[in-house]
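**Q** generate coordinates for the sequence data below:
(one chain, ligands or ions: 4)
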Amino acid sequence: MKKMYKTLLVGSTLAITAMTLTVTTMTATAETMIKKEGIENHNEAWAPHFPLQYDSWKQTIQSEQIDDMLAKKPQLAVLWAGYGFAKDYNAPRGHFYAVQDNINSLRTGAPVGPISGPMPTACWSCKSPDVPRMMAEVGEMEYFTGKWAKYGDEIVNPIGCADCHDSQTSELALSRPYLKKALEVSGVKLDEITKDDMRSLACAQCHVEYYFKKTEWTDKGGEQKTAAVVTLPWAKGLGAEDMEKYYDEIEFKDWTHQISKAPMLKAQHPGYELYKTGIHARSDVSCADCHMPTKSKDGKTYSDHNLQSPLNDIENICLNCHDQAEEDFRNIVEQKLERKEQLMEIAMDNLAKAHLEAGKAWELGATEAEMADILTDIRHGQWRWDYSIASHGSFFHAPEETLRLLAVSNEIAQRARLKLVKVLAKYGAVDYMAPDFSSKEKAQKLAGVDLATLVAEKQQFKATLLQEWNTQAVKKGNLNLDSRKGMSDKSSYSN
Ligand code: HEC
Ligand code: HEC
Ligand code: HEC
Ligand code: HEC
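**A** Ligands and ions are numbered 1, 2, ... in the order given. So this is what the prediction gives:
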């Protein structure tokens with residue numbers, strides 16, 4: 001829905017229908033050719049055609065503050081022990097920083113050449129319009145084959161125009177094949193997608209849950225290769241329980257927990273899926289309605305491309321549809337958020353303690369048979385917690401579903417802990433108390449993270465290979481260094 005008006009928000013179906021009608025006439029289309037063939041990955045190349053959209057997109061450079069979530073919520077390092085997220089995890093920043101954050105994250109490590117480092121190429125997938133460009137150039141399977149460092153001098157422009165727009169028609173278009181496949185698997189017919197649908201589906205290219213599916217394939221020269229293909233687990237539905245069933249059936253795990261040995265799932269950011277369960281989605285309010293309000297300059301209207309929290313602009317966004325004083329409205333939203341915080345903290349504490357108690361049980365000699373059921377509980381409990389909060393803004397997008405998942409997560413974690421009391425008692429540790437994890441330092445120590453070494457290696461990488469990548473990217477014509485003017489270089493370990 002492009003736009004609604006206060007007077008229409010009386011809650012009746014009649015009003016909603018009326019709103020839909022107003023919308024179509026207001027939908028701006030542009031149809032300008034940016035490039036004759038292929039994908040225009042340089043965001044600045046779009047600027048002369050669409051200066052208003054470009055300038056507002058560029059403002060995402062202002063959202064540069066680092067919010068170190070491991071410092072804010074130290075339980076996280078315990079919950080993710082043995083997995084990259086225990087090393088480094090920040091709240092999201094502006095789209096302009098997507099490539100920089102991927103490079104700076106301790107999760108991507110410190111490669112020394114194109115075939116080293118912990119991560120696969122798939123890690124670039126939601127960061128840049130160079131991704132669809134590479135897929136077109138080398139083929140989808142080749143794109144998904146090899147290490148992250150393979151594309152250091154190719155994937156250099158941050159999320160921009162060609163991620164969401166077609167370079168020939170400039171219309172909104174899906175640039176990511178994995179979303180198209182997932183939509184089809186979940187029963188959506190691609191040729192029935194409307195312009196209105198695209199106002200949310202453009203975002204669903206990245207703000208969704210996915211996993212890396214190991215896929216064997218043979219290249220043109222006959223060489224056997226293994227790709228890690230971004231895949232959305234939507235075949236059984238988009239809900240947390242549907243996806244859990246999907247993962248359980250194929251016995252998929254993202255990693256084995258370092259302390260509890262549980263076969264874990266990591267939710268990425270099922271933002272679109274969770275949003276779909278909320279009242280706004282049900283009322284046909286799209287992502288763009290709230291995150292891309294219509295603005296005007298010099299008599300021209302345009303969609304604001306400075307994607308940020310709509311709470312920064314309640315007046316221009318929410319009060320289009322809601323009839324309340326801005327201050328009252330802000331208070332309502334803040335109070336809602338506090339309720340989630342409380343439930344979330346309880347669930348996280350119980351899950352972290354379950355991991356540590358399970359670790360103790362193993363240490364004392366517990367058997368696989370005694371632990372199997374407990375580890376499944378931990379897997380399922382943590383999955384629900386992660387699914388419900390991993391997508392930022394989830395609680396606002398779908399309050400009831402988020403609270404339901406947190407409550408069930410907590411219940412499953414408590415069930416695991418009750419079972420653990422029995423096992424611990426059997427091995428003489430009836431009074432065992434999980435160690436303190438109340439700071440990032442303490443929690444990372446429990447998770448076996450050697451932060452100082454990781455940071456030193458990363459700095460070395462940034463001083464050497466990263467410099468080479470940038471030089472090569474400029475030489476190859478992939479990167480225009482001017483496009484990075486004004487960009488800061490912040491991370492959780494250096495400001
Ligand atoms: C994250 C996805 C996304 C990115 C990135 C993006 N756009 Fe858009 N763009 C949209 C959406 C959604 C609309 C609203 C379309 C509609 O309602 O018809 C839109 C609308 C437009 C329009 C139509 C007129 C208007 O303002 O509504 C133009 C032109 C445009 N974008 C240009 C650009 C340019 C130039 C860039 C790069 C600087 C860019 N877009 C980056 C999603 C995106
Ligand atoms: C190509 C992938 C991609 C697409 C498409 C995309 N996003 Fe994002 N988005 C990201 C990533 C990655 C981040 C985190 C960037 C970072 O922290 O460096 C992000 C961050 C954000 C943020 C946080 C910004 C801030 O300053 O805190 C918002 C809000 C957001 N996206 C909304 C949207 C909406 C709405 C759409 C659709 C119109 C959309 N995104 C489309 C990948 C994408
Ligand atoms: C009804 C308005 C509304 C709709 C529709 C909506 N959002 Fe949001 N979104 C918000 C608000 C409000 C927040 C901030 C909530 C908070 O601070 O917890 C937010 C937060 C976010 C954030 C985190 C921003 C940050 O800085 O942490 C992302 C990412 C995001 N939304 C993406 C999306 C995507 C993708 C969609 C569509 C699938 C969507 N939103 C639909 C209102 C909306
Ligand atoms: C395009 C119109 C539109 C926009 C923009 C919009 N809303 Fe809504 N909102 C609705 C509709 C429709 C409902 C459902 C009302 C009903 O059924 O009674 C709703 C319901 C709500 C509710 C009650 C349900 C719940 O989720 O708790 C809150 C709170 C709310 N909106 C807050 C916001 C905030 C904050 C923003 C801005 C970030 C916003 N809305 C933007 C149309 C909109």
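**Q** counting by contacts, list what the lengthiest helix in the chain packs against.
**A** If you go by DSSP state H, the chain has its longest helix at helix 326-363. Applying 3 or more Cβ pairs under 8 Å, 6 or more residues apart in numbering; DSSP states H and E, one finds that helix 326-363 makes contact with helix 75-79, helix 368-389, helix 394-397, helix 399-426. Placement of C-beta: from N, CA and C, glycine included.
**Q** buried sites along the first one?
**A** This means helix 75-79. 75-79 (16 or more other Cβ atoms under 10 Å).
**Q** what residues are up against the residue in the stretch 101-250 of the chain positioned nearest to ligand 4?
**A** For the stretch 101-250 of the chain, the residue closest to ligand 4 is R199, as judged by Cβ to the nearest ligand atom, at 10.7 Å. Residues near R199 by Cβ atoms under 8 Å, 6 or more residues apart in numbering: 2, 172, 286-289, 292.
**Q** which two in those are spaced the farthest apart?
**A** For those, the farthest-apart pair by Cβ to Cβ is L172 and D289; their separation is 14.3 Å.
**Q** more neighbours: which of these two?
**A** Using other Cβ atoms under 10 Å as the criterion, L172 and D289 rank with D289 on top: 24 against 18.
**Q** the more buried one is in what secondary structure piece?
**A** In the assignment (DSSP states H and E), D289 maps to helix 287-291.
**Q** CA atoms only: put the helix or strand following that helix into CSV for me.
**A** Beyond helix 287-291 on the C-terminal side, the first helix or strand identified by DSSP H and E is strand 294-297. Taking Å, rounded to 0.1, in the frame of the first residue of the first chain, the C-alpha atoms of strand 294-297 are listed here in CSV:
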residue,chain,number,x,y,z
THR,A,294,7.2,9.9,0.4
LYS,A,295,9.1,13.2,0.6
SER,A,296,9.3,16.2,-1.6
LYS,A,297,11.9,18.6,-2.7
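**Q** what packs against strand 294-297?
**A** strand 300-303.
**Q** again, only using 10 Å
**A** When contacts are defined as 3 or more Cβ pairs under 10 Å, 6 or more residues apart in numbering; DSSP states H and E, strand 294-297 sits against helix 51-58, strand 300-303.
**Q** buried set for that strand?
**A** Buried positions in strand 294-297, judged by neighbour count with 16+ other Cβ under 10 Å: 294-295.
**Q** and stretch 395-405, by the same measure?
**A** Applying 16+ other Cβ under 10 Å to stretch 395-405 flags 395-399, 401-403, 405 as buried.
**Q** and the two most separated of those?
**A** F396 and L405 (14.7 Å).
**Q** circling back: ok, of the buried residues of helix 75-79, which one's closest to ligand 2?
**A** Set against ligand 2, the nearest of the buried residues of helix 75-79 by Cβ to the nearest ligand atom is L76 (16.3 Å).
**Q** the closest one contacts L70, doesn't it?
**A** Yes: contact criterion Cβ atoms under 10 Å: L76 and L70 qualify, at 5.4 Å.
**Q** find the residues that touch each one of these two.
**A** 85-86, 89, 440, 443-444, 447 (Cβ atoms under 10 Å, 6 or more residues apart in numbering).
**Q** in terms of pLDDT, where does A390 sit?
**A** Reading off the confidence values, A390 has pLDDT 85.
**Q** which residues touch it?
**A** 85, 209, 266-271, 274.
**Q** 7 Å - rerun?
**A** By Cβ atoms under 7 Å, 6 or more residues apart in numbering, A390 lies in contact with 267-270.
**Q** now E401
**A** 274, 277.
**Q** from R384, how far out is it?
**A** From E401 across to R384, the span is 11 Å (Cβ to Cβ, to the nearest Å).
**Q** what about the strands in the stretch 151-300 of the chain?
**A** Secondary structure of the stretch 151-300 of the chain (DSSP state E, counting those that start in this stretch): strands located at 211-218, 224-231, 255-256, 263-264, 294-297, 300-303.
**Q** hmm, who's touching the first one?
**A** Applying Cβ under 7 Å, 6+ apart, the set of residues contacting strand 211-218 from outside is 120, 122, 141, 224-231, 233, 252, 254.
**Q** try 10 Å
**A** Residues contacting strand 211-218 (Cβ under 10 Å, 6+ apart): 119-123, 125, 139-142, 144-145, 178, 223-233, 243, 246-247, 250, 252-254, 265-268.
**Q** quick one: V131 and ligand 3, what's the gap?
**A** As for V131, its distance to ligand 3 is 18 Å (criterion: Cβ to the nearest ligand atom, to the nearest Å).
**Q** what about the protein, any weak spots by pLDDT?
**A** For the chain, residues meeting the criterion pLDDT under 70 lie at 1-30, 495.
**Q** residue nearest the middle of it, spatially speaking?
**A** Centroid check for the chain by Cα atoms, centre = their mean gives H269 as the closest residue, at 3.8 Å.
**Q** now that residue: how far from S167?
**A** For H269 relative to S167 (Cβ to Cβ), the value is 27 Å.
**Q** go on, R330?
**A** Taking Cβ to Cβ, one finds R330 at 40 Å from S167.
**Q** hang on, the earlier thing: quick check: neighbours shared by E401 and R384?
**A** Residues within reach of E401 and of R384 at once, by Cβ under 10 Å, 6+ apart, are A240.
**Q** which parts of the stretch 151-300 of the chain sit against ligand 4?
**A** Residues of the stretch 151-300 of the chain found near ligand 4 (Cβ under 6 Å from any ligand atom) are 279-280, 283, 285, 289-290.
**Q** between those, which is nearest ligand 1?
**A** D289 (9.2 Å).
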